[in-house]
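Colleague: I would like the atomic coordinates for the input below:
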Amino acid sequence: QVQPVESGGGLVQAGGSLRLSCAASGRTFRRHAMGWFRQAPGKEREFVADISWSGGYTFYADSVKGRFTISRDSAKNTVYLQMNNLKPEDTAVYLCYADNGEGRAWGQGTLVTVSS
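Modeller: Residues are numbered from 1 along each chain as shown. Next comes the predicted model:
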């Protein structure tokens, strides 16, 4: 099992962009599907996007489709979430996970704040 570590969060104005990174330690990164959830204050955790172990399959929540792009670089054991045209409602802690089909390992999260 890999251990994800997120980075790249911060404060951005509405309409701006950020790229989140999720570096996964462990030798079996290539065997893991990866993805992102987010949790806003006072709200439940919600799915954002995921990517298959091969990188050939991606899936997005309707709320981010067309604005966010998930990708992976297996050589760097890293998954990226490119976020464009950010909105205040995107403000949340973004959490990365790694899924090997038997269970998920979660990172600690990175905070994204979008000001209006």
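Colleague: residue contacts, the closest residue to Gln13 other than its chain neighbours?
Modeller: Beyond its immediate neighbours in the sequence, the residue positioned closest to Gln13 (C-beta to C-beta, 6 or more residues apart in numbering) is Ser115, lying 5.4 Å away. Placement of C-beta: from N, CA and C, glycine included. Ser115 makes contact with Leu11, Val12, Gln13, Ala14, Pro88, according to C-beta atoms under 8 Å, 6 or more residues apart in numbering.
Colleague: distance of the fourth one from Arg38?
Modeller: It stands for Ala14. 17 Å (C-beta to C-beta, to the nearest Å).
Colleague: now the first one
Modeller: When C-beta to C-beta is applied, the distance between Leu11 and Arg38 equals 16 Å.
Colleague: and if you look at Ser7?
Modeller: According to C-beta to C-beta, Ser7 and Arg38 sit 15 Å apart.
Colleague: okay, those two: which has more neighbours?
Modeller: Arg38 (23 against 14; other C-beta atoms under 10 Å).
Colleague: Which helix or strand contains the more buried one?
Modeller: Following DSSP states H and E, one finds Arg38 within strand 33-39.
Colleague: which stretches of the protein have low pLDDT?
Modeller: 29 (pLDDT under 70).
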